[in-house]
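Q: Only the shape, not the letters, is given here:
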(Lines give C-alpha, C1' and ligand atoms only; values in the text may rest on other atoms or scores of the structure.)
Protein backbone atom coordinates (compact mmCIF):
# COMPACT_ATOMS: atom_id res chain seq x y z
CA UNK A 1 0.00 0.00 0.00
CA UNK A 2 1.25 3.50 -0.87
CA UNK A 3 0.80 6.01 1.95
CA UNK A 4 0.23 9.67 1.07
CA UNK A 5 1.68 11.71 3.91
CA UNK A 6 1.40 15.30 5.11
CA UNK A 7 4.00 16.64 7.57
CA UNK A 8 2.62 19.13 10.10
CA UNK A 9 5.26 21.10 12.02
CA UNK A 10 5.74 24.80 12.60
CA UNK A 11 9.53 24.46 12.16
CA UNK A 12 10.62 24.36 8.51
CA UNK A 13 13.90 22.62 9.34
CA UNK A 14 12.06 19.85 11.19
CA UNK A 15 9.81 19.30 8.17
CA UNK A 16 12.82 19.12 5.88
CA UNK A 17 14.62 16.61 8.13
CA UNK A 18 11.62 14.30 8.32
CA UNK A 19 11.00 14.53 4.58
CA UNK A 20 14.65 13.56 3.98
CA UNK A 21 14.31 10.52 6.27
CA UNK A 22 11.16 9.41 4.48
CA UNK A 23 12.94 9.38 1.13
CA UNK A 24 14.41 6.01 2.15
CA UNK A 25 10.88 4.56 2.35
CA UNK A 26 9.27 4.35 -1.10
CA UNK A 27 5.99 3.15 0.40
CA UNK A 28 5.45 6.68 1.79
CA UNK A 29 5.03 9.68 -0.51
CA UNK A 30 5.12 13.12 1.13
CA UNK A 31 2.37 15.02 -0.66
CA UNK A 32 2.26 18.14 1.46
CA UNK A 33 3.50 20.15 4.43
CA UNK A 34 1.79 22.52 6.82
CA UNK A 35 2.75 24.70 9.77
CA UNK A 36 -0.80 25.19 11.14
CA UNK A 37 -3.84 23.00 11.77
CA UNK A 38 -5.95 24.82 9.18
CA UNK A 39 -3.13 24.40 6.68
CA UNK A 40 -2.94 20.71 7.50
CA UNK A 41 -6.67 20.19 6.88
CA UNK A 42 -6.41 22.00 3.56
CA UNK A 43 -3.41 19.92 2.41
CA UNK A 44 -5.10 16.66 3.46
CA UNK A 45 -8.31 17.64 1.64
CA UNK A 46 -6.50 18.62 -1.54
CA UNK A 47 -4.16 15.62 -1.69
CA UNK A 48 -6.33 12.86 -0.20
CA UNK A 49 -3.54 12.08 2.28
CA UNK A 50 -4.07 9.07 4.53
CA UNK A 51 -1.12 9.62 6.88
CA UNK A 52 -0.11 12.61 9.00
CA UNK A 53 3.18 13.17 10.82
CA UNK A 54 2.04 15.64 13.46
CA UNK A 55 3.94 17.84 15.90
CA UNK A 56 2.15 18.52 19.20
CA UNK A 57 3.39 21.98 20.20
CA UNK A 58 2.65 24.32 17.31
CA UNK A 59 2.74 28.11 17.53
CA UNK A 60 -0.45 28.98 19.41
CA UNK A 61 -2.00 25.58 18.62
CA UNK A 62 -2.14 22.07 20.05
CA UNK A 63 -1.60 19.16 17.68
CA UNK A 64 -4.19 16.97 19.40
CA UNK A 65 -6.90 19.40 18.26
CA UNK A 66 -6.38 18.23 14.70
CA UNK A 67 -7.62 14.71 15.42
CA UNK A 68 -11.28 15.69 15.80
CA UNK A 69 -11.14 17.18 12.30
CA UNK A 70 -9.63 14.12 10.60
CA UNK A 71 -11.35 11.19 8.95
CA UNK A 72 -10.95 7.89 10.76
CA UNK A 73 -9.15 6.62 7.65
CA UNK A 74 -6.20 8.94 8.29
CA UNK A 75 -3.39 7.44 10.39
CA UNK A 76 -1.51 9.74 12.77
CA UNK A 77 2.10 9.58 13.92
CA UNK A 78 3.09 12.18 16.50
CA UNK A 79 6.58 13.63 16.06
CA UNK A 80 7.56 15.82 18.99
CA UNK A 81 10.36 16.90 21.28
CA UNK A 82 8.19 16.24 24.35
CA UNK A 83 7.63 12.80 25.89
CA UNK A 84 4.91 13.93 28.32
CA UNK A 85 2.06 13.28 25.87
CA UNK A 86 2.83 9.65 24.95
CA UNK A 87 0.03 8.09 27.00
CA UNK A 88 -2.50 10.61 25.71
CA UNK A 89 -1.34 9.90 22.14
CA UNK A 90 -2.06 6.18 22.41
CA UNK A 91 -5.40 6.86 24.09
CA UNK A 92 -6.48 8.70 20.95
CA UNK A 93 -5.28 5.75 18.84
CA UNK A 94 -2.19 7.35 17.33
CA UNK A 95 -0.14 4.91 15.34
CA UNK A 96 3.11 5.87 17.04
CA UNK A 97 4.91 8.55 19.02
CA UNK A 98 8.34 9.62 17.76
CA UNK A 99 10.71 11.82 19.71
CA UNK A 100 12.86 14.40 17.99
CA UNK A 101 15.46 14.08 16.64
CA UNK A 102 13.92 11.09 14.87
CA UNK A 103 16.28 8.12 14.56
CA UNK A 104 16.15 6.38 11.15
CA UNK A 105 15.79 2.93 12.79
CA UNK A 106 12.91 4.18 14.95
CA UNK A 107 11.13 5.60 11.91
CA UNK A 108 11.60 2.29 10.09
CA UNK A 109 9.96 0.50 13.03
CA UNK A 110 7.00 2.89 12.85
CA UNK A 111 6.51 2.22 9.17
CA UNK A 112 6.62 -1.53 9.80
CA UNK A 113 3.80 -1.07 12.31
CA UNK A 114 1.99 1.07 9.75
CA UNK A 115 2.10 -1.82 7.29
CA UNK A 116 0.40 -3.97 9.92
CA UNK A 117 -2.10 -1.28 10.90
CA UNK A 118 -5.00 -2.79 12.82
CA UNK A 119 -3.04 -5.73 14.17
CA UNK A 120 -1.38 -8.83 12.82
CA UNK A 121 -1.74 -8.34 9.11
CA UNK A 122 -1.91 -11.99 8.06
CA UNK A 123 -4.44 -13.97 6.10
CA UNK A 124 -6.46 -16.76 7.79
CA UNK A 125 -4.47 -19.98 7.80
CA UNK A 126 -5.26 -23.63 8.62
CA UNK A 127 -4.81 -24.70 12.23
CA UNK A 128 -1.35 -26.29 12.44
CA UNK A 129 -2.82 -28.78 14.95
CA UNK A 130 -4.88 -30.17 12.07
CA UNK A 131 -3.09 -33.11 10.44
CA UNK A 132 -4.59 -32.15 7.07
CA UNK A 133 -3.49 -28.53 7.19
CA UNK A 134 -2.00 -27.32 3.93
CA UNK A 135 -0.31 -24.17 2.68
CA UNK A 136 2.79 -22.28 3.75
CA UNK A 137 2.95 -20.18 6.92
CA UNK A 138 3.62 -16.42 6.80
CA UNK A 139 6.83 -14.93 8.12
CA UNK A 140 7.23 -15.19 11.87
CA UNK A 141 7.69 -12.19 14.11
CA UNK A 142 11.03 -11.51 15.78
CA UNK A 143 11.24 -11.92 19.58
CA UNK A 144 11.90 -8.17 19.81
CA UNK A 145 8.93 -7.17 17.64
CA UNK A 146 6.17 -4.83 18.77
CA UNK A 147 2.62 -5.05 17.50
CA UNK A 148 0.10 -2.24 17.08
CA UNK A 149 -3.37 -3.70 17.46
CA UNK A 150 -6.69 -3.36 19.25
CA UNK A 151 -6.45 -4.43 22.89
CA UNK A 152 -9.97 -4.75 24.28
CA UNK A 153 -11.59 -1.50 23.09
CA UNK A 154 -8.52 0.61 22.33
CA UNK A 155 -5.51 0.57 20.06
CA UNK A 156 -2.13 0.06 21.65
CA UNK A 157 1.32 -1.48 21.40
CA UNK A 158 2.11 -5.00 22.53
CA UNK A 159 5.66 -6.34 22.70
CA UNK A 160 6.10 -10.00 21.78
CA UNK A 161 8.47 -10.33 24.74
CA UNK A 162 5.64 -9.31 27.10
CA UNK A 163 3.32 -12.16 26.09
CA UNK A 164 2.98 -14.98 28.63
CA UNK A 165 0.26 -16.95 26.85
CA UNK A 166 -2.41 -16.70 24.16
CA UNK A 167 -5.77 -18.43 24.72
CA UNK A 168 -8.50 -19.21 22.21
CA UNK A 169 -11.67 -17.13 22.50
CA UNK A 170 -13.89 -18.08 19.58
CA UNK A 171 -12.78 -16.14 16.51
CA UNK A 172 -10.69 -13.92 18.79
CA UNK A 173 -8.03 -14.59 21.40
CA UNK A 174 -7.06 -13.59 24.93
CA UNK A 175 -3.46 -12.43 25.30
CA UNK A 176 -2.03 -12.83 28.81
CA UNK A 177 0.87 -10.47 29.46
CA UNK A 178 3.70 -10.69 31.98
CA UNK A 179 1.97 -8.23 34.29
CA UNK A 180 -0.97 -10.64 34.60
CA UNK A 181 -3.40 -8.62 32.50
CA UNK A 182 -5.67 -10.26 29.96
CA UNK A 183 -6.43 -8.52 26.69
CA UNK A 184 -9.00 -9.53 24.11
CA UNK A 185 -7.64 -9.21 20.58
CA UNK A 186 -9.36 -9.60 17.23
CA UNK A 187 -7.11 -12.33 15.85
CA UNK A 188 -7.80 -16.04 16.46
CA UNK A 189 -5.32 -18.33 18.15
CA UNK A 190 -4.36 -20.07 14.90
CA UNK A 191 -2.89 -16.82 13.56
CA UNK A 192 -0.80 -16.31 16.69
CA UNK A 193 0.49 -19.86 16.39
CA UNK A 194 1.74 -19.05 12.91
CA UNK A 195 3.26 -15.66 13.69
CA UNK A 196 4.86 -15.83 17.15
CA UNK A 197 8.53 -16.96 17.32
CA UNK A 198 8.59 -20.76 17.13
CA UNK A 199 11.65 -21.06 19.38
CA UNK A 200 9.90 -19.13 22.17
CA UNK A 201 6.22 -20.12 21.97
CA UNK A 202 4.70 -23.57 22.08
CA UNK A 203 1.13 -24.73 21.54
CA UNK A 204 0.21 -27.10 24.39
CA UNK A 205 -3.49 -27.47 23.68
CA UNK A 206 -5.86 -26.67 20.84
CA UNK A 207 -6.84 -23.60 22.81
CA UNK A 208 -3.54 -22.49 24.38
CA UNK A 209 -0.13 -21.18 23.30
CA UNK A 210 2.50 -20.48 25.97
CA UNK A 211 5.79 -18.64 26.29
CA UNK A 212 8.40 -21.28 27.16
CA UNK A 213 10.35 -18.73 29.21
CA UNK A 214 7.35 -18.48 31.55
CA UNK A 215 6.98 -22.24 32.22
CA UNK A 216 7.95 -23.05 35.83
CA UNK A 217 7.24 -26.77 35.81
CA UNK A 218 5.23 -29.50 34.10
CA UNK A 219 3.42 -32.17 36.13
CA UNK A 220 1.97 -35.42 34.90
CA UNK A 221 -1.78 -35.33 35.37
CA UNK A 222 -4.14 -37.89 33.82
CA UNK A 223 -4.35 -40.21 30.81
CA UNK A 224 -1.16 -38.92 29.23
CA UNK A 225 -1.98 -35.24 29.74
CA UNK A 226 -0.01 -32.75 31.84
CA UNK A 227 -0.42 -29.63 33.94
CA UNK A 228 1.75 -26.73 32.77
CA UNK A 229 2.48 -24.19 35.53
CA UNK A 230 3.24 -20.68 34.29
CA UNK A 231 4.91 -17.96 36.32
CA UNK A 232 2.31 -15.59 37.76
CA UNK A 233 -0.65 -17.89 37.05
CA UNK A 234 -2.35 -19.61 40.00
CA UNK A 235 -4.15 -22.16 37.83
CA UNK A 236 -2.11 -24.54 35.65
CA UNK A 237 -2.88 -25.02 31.99
CA UNK A 238 -3.58 -28.43 30.55
CA UNK A 239 -1.29 -29.91 27.92
CA UNK A 240 -3.33 -32.49 26.06
CA UNK A 241 -2.02 -35.95 25.26
CA UNK A 242 -2.05 -35.13 21.56
CA UNK A 243 0.12 -32.06 21.97
CA UNK A 244 2.36 -33.68 24.60
CA UNK A 245 3.61 -36.15 22.00
CA UNK A 246 4.41 -33.28 19.66
CA UNK A 247 6.21 -31.40 22.41
CA UNK A 248 8.37 -34.45 23.16
CA UNK A 249 9.21 -34.82 19.48
CA UNK A 250 10.21 -31.18 19.26
CA UNK A 251 12.05 -30.73 22.55
CA UNK A 252 13.38 -34.25 22.91
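A: Ah, there it is. Only a predicted model underlies this, so the values are computations on that prediction, with no experimental measurement involved.
Q: Distance of residue 73 relative to residue 112?
A: In this structure, residue 73 and residue 112 are 20 Å apart, going by Cβ to Cβ, to the nearest Å. Just so you know, the C-beta spots here come from the backbone N, C-alpha and C atoms, and that holds for glycine as well.
Q: and residue 114, that's in a helix?
A: Yes: under DSSP: H, G, I helix; E, B strand; the rest coil, residue 114 falls within a helix.
Q: Spatially central, which residue of this protein would that be?
A: residue 147 (1.6 Å; Cα atoms, centre = their mean).
Q: Give me the neighbour count for the nearest residue to residue 99 once chain neighbours are set aside.
A: Spatially, and ignoring its direct neighbours in sequence, residue 99 is nearest to residue 83 (6.1 Å; Cβ to Cβ, 6 or more residues apart in numbering). Neighbour count for residue 83, taken as other Cβ atoms under 10 Å: 9.
Q: which SSE is residue 83 in?
A: Using DSSP states H and E, residue 83 maps to neither a helix nor a strand.
Q: Next, it: phi, psi?
A: Backbone torsions of residue 83, given as degrees, to the nearest 10, read phi -90, psi 0.
Q: I'd say it and residue 56 touch.
A: No: judged on Cβ atoms under 8 Å, residue 83 makes no contact with residue 56 at a distance of 10.4 Å.
Q: can you pull the buried residues of the host helix or strand of residue 105?
A: Element membership for residue 105, per DSSP H and E: helix 104-115. Of the residues in helix 104-115, 107, 109, 110, 111, 113, 114 count as buried by neighbour count, 16 or more other Cβ atoms under 10 Å.
Q: Stretch 216-226 too?
A: So stretch 216-226, judged by 16+ other Cβ under 10 Å, has buried residues 218, 225, 226.
Q: Where strands are concerned, which of these count?
A: Counted as lying in strands by DSSP state E, out of the buried residues of stretch 216-226, are 218, 226.
Q: pLDDT-wise, what's the bottom of the buried residues of stretch 216-226?
A: Within the buried residues of stretch 216-226, residue 225 has the lowest pLDDT, namely 82.
Q: who touches that residue in this structure?
A: 238, 239, 240, 241, 244 (Cβ atoms under 8 Å, 6 or more residues apart in numbering).
Q: what do you get for residue 34?
A: 6, 7, 8, 40, 42, 43.
Q: show me where the stretch 151-252 of the chain has helices.
A: Here the stretch 151-252 of the chain has its helices, by DSSP state H, counting those that start in this stretch, at 189-195, 241-251.
Q: Figure out which of these is closest to residue 202.
A: Nearest of those to residue 202, taken as Cβ to Cβ: helix 241-251 at 6.5 Å.
Q: Just the mean pLDDT for the closest one, thanks.
A: Per-residue scores along helix 241-251 average to 73.
Q: Can you mark which positions in that helix are buried?
A: Result for helix 241-251 [16+ other Cβ under 10 Å]: buried residues 243, 244, 246, 247.
Q: farthest-separated two in those?
A: Spanning the widest gap among the buried residues of helix 241-251 are 244 and 246, at 7.3 Å by Cβ to Cβ.
Q: Does residue 73 touch residue 50 like I think?
A: Yes: taking Cβ under 8 Å as the definition, residue 73 is a contact partner of residue 50 at 6.0 Å.
Q: which of these two has more neighbours?
A: residue 50 (17 against 7).
Q: contacting residues around residue 79?
A: 9, 14, 18, 53, 54, 55, 98, 100, 102.
Q: sec struct for it, please.
A: strand.
Q: Offset the numbering so it begins at 30, please.
A: New numbering, starting at 30: the last item is residue 108.
Q: Tell me how many other residues crowd residue 41.
A: Counted with other Cβ under 10 Å, residue 41 comes out at 10.
Q: helix/strand/coil for residue 94?
A: Relying on three-state DSSP, one would call residue 94 helix.
Q: pLDDT on stretch 209-220, on average?
A: For stretch 209-220, mean pLDDT rounds to 88.
Q: Mind listing what's buried along it?
A: 212, 214, 216, 217, 218, 219, 220.
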